[in-house]
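Peer 1: The following block contains a protein sequence and its predicted model.
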Amino acid sequence: MKHMLSTNGMRRLALVAAVAVGAAICAPVQAQSTAGTIGGHGPAGAKVVAVSSAGLHRDTTIDKKGRYRLGNLPMGTYTVTLDKDGTTVDTRKNIPIRVGANSQIDFACENDVCEAGG
């Protein structure tokens, strides 16, 4: 005797299969992420430098809206400095990087305005 699935039974089977395949694809991607970011606000045009305790060095320039972001930083502890016109004007030590999270580090702006010309 042949057993046939109803239309609803076939839909359920297809849904279960799709969910299982989606979970199998997404799970390894999330498990492989071991990085985070440092980002925040500061005076436009200044340079932000992050150095990990392991010696990794990353830097970026704060944009004209007073924002910056250093992405894809491996887990660890960082020292973050603000350099303006070639001079270090502020330093933050022992900044932890957590997987998938942003460590918010804001620097003081002149007259509390971070945007250039504003």
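Peer 2: That came through, no problem. Residues are numbered from 1 along each chain as shown.

Peer 1: Residues in contact with the single longest strand found in the chain: which ones?
Peer 2: Determined from DSSP state E, the single longest strand within the chain is strand 87-97. Identification of contacts with strand 87-97 by C-beta atoms under 8 Å, 6 or more residues apart in numbering yields 35-38, 46, 50, 52, 73-83, 103, 105, 107-108. From N, CA and C alone the C-beta is placed, and that goes for glycine too.

Peer 1: what are the pairing partners of it, and which direction each?
Peer 2: strand 76-84 (antiparallel) (DSSP bridges).

Peer 1: Just the buried residues of the strand it pairs with, please?
Peer 2: Neighbour-count burial for strand 76-84 flags 78, 80-84 (criterion: 16 or more other C-beta atoms under 10 Å).

Peer 1: what's next to it, contact-wise?
Peer 2: By C-beta under 8 Å, 6+ apart, strand 76-84 touches 38, 42-43, 45-54, 56, 88-97, 103, 105, 107.

Peer 1: What's the mean pLDDT across it?
Peer 2: For strand 76-84, mean pLDDT rounds to 97.

Peer 1: hang on, Val49 in a strand?
Peer 2: Yes - counting by DSSP: H, G, I helix; E, B strand; the rest coil, Val49 is part of a strand.

Peer 1: beta partners of it?
Peer 2: Legend: beta-bridge partners of Val49 under DSSP bridges are Asp59, Thr81.
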